[in-house]
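J.: take a look and give me a structure for this.
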Amino acid sequence: MVDCDIEASVIGGLLLSGYTPDAADVLATLDDNAFSASLYRETFREIRRQAKTRGLIDSLMIGEAMGEGNFSTVMDTARRCPSAANLKGYAKILANYYRVRRFTALLGDGLEKIKKSPNHERALSVIQEVSIALREIEQSADEIRPMPIGEFLDPYAELLEKRLKNGEASDSLKTGIDELDEILGGINPVDLVVVAARPGMGKTEFALKVAQGVAEQNTFRQIDTENGEIRETERKGVLIFSMEMDAMQIVERSLAEASHLPVSTLRKPCRMDNEGWARVSEGVKRLQALDVWVVDASSLTVEQIQAISYRHKLTHPALSLIMVDYLGLIDKPRTERNDLAIAHISGSLKRMAKSLKTPVMSLSQLSRNVEQRTNKRPVNADLRDSGSIEQDADSIIMLYRDGEYNKNSPAAQYAEIIVTKNRFGKHGTVYQEFIHGHFMPTNQLRAASACQINTDVPATKRYAGGAVV
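T.: As a prediction, the model looks like this:
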């Protein structure tokens with residue numbers, strides 16, 4: 001291949017692959033000046049800009065941004081790419097071509113300056129300048145380069161403009177529980193969210209509710225080209241690592257949630273009436289329309305979870321949430337202390353979220369110390385080996401149901417979703433009715449009043465949306 005073919009293959013690979021981890025590495029390591037063709041150089045800059053501001057690489061959007069005269073050329077470049085799977089290989093070859101060009105130009109320029117040097121000292125100074133420049137050229141092709149902060153200002157200005165246009169509507173991922181999204185401000189693409197509770201509080205049920213809420217959100221893209229308007233709908237994907245329950249249990253729980261039926265009803269279908277079967281039918285249709293994937297394995301290391309997630313993101317770029325049920329069942333590495341093993345796992349999950357630009361929600365158990373207190377509402381210190389988890393998590397959500405301890409309590413019908421850590425916003429409590437084992441919307445003020453009767457915690461401040469802060 002000649003330089004021009006390699007340049008086209010890098011651009012085509014980026015357009016075909018989308019914003020994958022490989023694409024992110026190429027954008028972080030490849031100098032845009034490596035492209036000798038001005039169109040490819042400007043296209044690469046536009047790809048990097050859109051990846052930073054929108055978190056995606058879309059060939060139609062890139063082509064439209066490059067102008068009408070270049071739209072067909074950009075699309076043709078994507079079609080002619082031999083294989084997006086070889087993107088990093090193409091980028092490395094291109095970087096090496098660029099090193100040769102720089103090296104040749106540097107030596108030629110240095111030789112010319114030495115010949116024109118008025119004295120010996122100036123010639124030595126030129127040699128020193130060339131030596132420093134040569135060390136920079138010797139930088140590995142896949143080494144991440146520091147970027148001046150000024151290069152991030154324009155993309156951030158576009159992000160602010162996008163937020164301004166959205167008004168009150170956040171562009172972050174929604175959980176499907178409006179009051180919780182009001183507190184969290186949604187979930188950011190690089191977030192690690194930890195959901196913790198004692199057994200029986202509904203951690204898995206809550207996780208599946210969020211998974212369905214995410215998967216039911218559609219992303220629309222609309223582009224005007226000379227051929228007319230293009231409007232497409234992209235479903236958000238969810239990947240669930242289920243190490244506590246097998247796949248059939250996950251399906252059963254999900255179908256019960258989608259059908260608004262107790263799990264016990266699905267376990268005795270002979271007792272269902274026509275209305276029940278109609279609900280099941282609607283629930284099946286609802287689940288079939290979702291882009292939800294389940295990894296059914298009882299024993300996985302965090303490295304295996306990372307590998308599976310990377311491959312899934314590569315083949316399904318719409319992946320928007322990774323769910324791990326649960327952190328305590330991930331195979332621990334051999335370390336001197338258990339807290340170091342947990343630190344390795346939580347840190348790896350956080351790094352995976354950042355690398356894939358896909359949030360990770362991990363469930364976690366709480367220690368038995370909760371049971372010894374009069375007020376059993378959990379706090380961050382109740383997390384097992386809480387130091388590293390609390391440090392790595394961007395958000396921590398605790399689940400509490402008073403009905404587990406006192407079935408006659410006025411608060412027995414409610415579940416409390418308590419945000420105890422929020423790196424980007426406030427803390428607070430959201431209430432849901434817990435009906436047939438499912439989290440259901442409820443009146444926030446009425447629920448808060450019922451739940452506060454049963455706590456010795458001082459009355460908390462409510463925000464305008466009804467949740468408690």
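J.: alpha carbons only for contacts and neighbour counts from here, please
T.: Noted.
J.: now do the closest residue to residue 43 other than its chain neighbours against residue 30, distance only.
T.: Distance criterion C-alpha to C-alpha, 6 or more residues apart in numbering; nearest residue to residue 43, sequence neighbours excluded, is residue 66 at 6.9 Å. Residue 66 sits 20 Å away from residue 30, going by C-alpha to C-alpha, to the nearest Å.
J.: and those two? Which one has more around it.
T.: Shown here are residue 66 and residue 30; by other C-alpha atoms under 10 Å, residue 30 has more neighbours (22 against 17).
J.: so the residue most central in space within the chain, which state does it fall into?
T.: Residue closest to the average C-alpha location in the chain (C-alpha atoms, centre = their mean): residue 358, at 1.5 Å. Under DSSP: H, G, I helix; E, B strand; the rest coil, the three-state class of residue 358 is coil.
J.: kindly report the same for residue 434.
T.: Following three-state DSSP, residue 434 is assigned to strand.
J.: burial check on it, number of neighbours?
T.: 20.
J.: do residue 115 as well
T.: Residue 115 has 10 neighbours, counted by other C-alpha under 10 Å.
J.: which helices and strands sit right next to the helix or strand that contains residue 183?
T.: Following DSSP states H and E, one finds residue 183 within helix 178-184. Here helix 178-184 touches strand 428-435, going by 3 or more C-alpha pairs under 8 Å, 6 or more residues apart in numbering; DSSP states H and E.
J.: distance from the chain centre to the strand it packs on, please.
T.: 25 Å (C-alpha atoms, centre = their mean, to the nearest Å).
J.: list the buried residues of that strand.
T.: Of all the residues in strand 428-435, those buried under the rule 16 or more other C-alpha atoms under 10 Å are 428-434.
J.: can you add distance to residue 264 and pLDDT and give those back as CSV?
T.: Shown next, in CSV, are the buried residues of strand 428-435 (distance: C-alpha to C-alpha, whole Å; pLDDT from 0 to 100):
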residue, distance to residue 264, pLDDT
428, 33, 90
429, 29, 92
430, 27, 93
431, 24, 93
432, 21, 92
433, 18, 90
434, 15, 90
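J.: quick one: low-confidence residue ranges for the stretch 301-450 of the chain.
T.: Scanning the stretch 301-450 of the chain for pLDDT under 70 picks out the ranges 336, 384-386.
J.: what about the strands in the protein?
T.: For the chain, strands defined by DSSP state E occupy the ranges 192-197, 218-225, 228-235, 237-242, 291-296, 319-325, 360-365, 395-400, 414-422, 428-435, 438-440.
J.: name the nearest residue to residue 64, ignoring sequence neighbours.
T.: Among residues not flanking residue 64 along the chain, residue 71 sits closest, at 5.9 Å (C-alpha to C-alpha, 6+ apart).
J.: report the longest helix in the chain, please.
T.: Longest helix in the chain, counting residues (DSSP state H): helix 87-115.
J.: still on that earlier bit, surely the residue nearest to the centre of the chain meets residue 317?
T.: No: contact criterion C-alpha atoms under 8 Å: residue 358 and residue 317 do not qualify, at 9.9 Å.
J.: returning to what we had before: count the residues that sit near the residue nearest to residue 64.
T.: 19.
J.: what do you get for residue 319?
T.: Applying other C-alpha under 10 Å, we find 24 residues neighbouring residue 319.
J.: surely it and residue 236 touch.
T.: Yes: using C-alpha under 8 Å, residue 319 makes contact with residue 236 at a distance of 6.0 Å.
J.: can you pull the poorly scored residue ranges out of the stretch 1-150 of the chain?
T.: 1-3, 134-147.
J.: show me the contacts for residue 20.
T.: For residue 20, the contacting residues are 313-314, 317, 356, by C-alpha atoms under 8 Å, 6 or more residues apart in numbering.
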